[in-house]
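Q: Sequence and predicted structure below; questions after.
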Amino acid sequence: MNGLYRSTVVTALVLGILLAASGHARAADGRIGVELNKLEPLANACRAYLVLTNKAGAAFSDLKLDLVIFDKDGIVARRIAVQGGPVPDGKTTLKVFDVEGVQCANVGRFLLNGVMTCEARDGKRGDCVSLIDTSSRAAAPLIK
């Protein structure tokens, strides 16, 4: 292998590792990843796909998210509750929901405003907002 080829291969491998490590739906140990994966336009709604990755070390029987959708001008378009649970420990799940009366092309961003309910399978309740990392693969960001 010549030096230029070897350097190119090493650079490609490093970039591949960095991209894999920065995967949006990944959650660090002790965390819950919530990723806005995709927005799909429907006739009278915007269908949203959320990927939840639970590495919190506990299974959650109930996890209800309080989401606010802003339009591209920063004006609140809709506030909705999304049932995210149950979320088994160490599992990645997909939650799909429709936002009625909102067109995907007009969505500016999603805000995880809070967690309405958060109950671990052992019955303990906690501050799940502090456990959640948000990300987005969609054109609209998901922030908290």
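A: Alright, I've got the coordinates. Numbers count the residues shown, from 1 in each chain.
Q: in which helix or strand would I find the most centrally placed residue in the chain?
A: Closest residue to the average C-alpha location of the chain: E35 at 1.4 Å, with C-alpha atoms, centre = their mean. E35 belongs to strand 32-41 when assigned by DSSP states H and E.
Q: Buried residues, that strand. List them.
A: Residues of strand 32-41 classed as buried: I32, G33, V34, E35, L36, N37, K38, L39 (neighbour count, 16 or more other C-beta atoms under 10 Å). Quick note: C-beta positions are derived from backbone N, CA and C, even for glycine.
Q: Am I right that S130 sits in a strand?
A: No. Applying DSSP: H, G, I helix; E, B strand; the rest coil, one finds S130 to be helix, outside a strand.
Q: Count the neighbours of it for me.
A: 10 (other C-beta atoms under 10 Å).
Q: Check A139 too.
A: With other C-beta under 10 Å as criterion, A139 counts 13.
Q: Contacts only, for it.
A: A139 makes contact with L39, V107, according to C-beta atoms under 8 Å, 6 or more residues apart in numbering.
Q: repeat for V107
A: Counting by C-beta under 8 Å, 6+ apart, V107 has contacts L39, C46, I69, F70, D71, K72, A77, A139, A140.
Q: Would you list the buried entries among those?
A: Buried, going by 16+ other C-beta under 10 Å: L39, C46, I69, F70, A77, A140, out of these.
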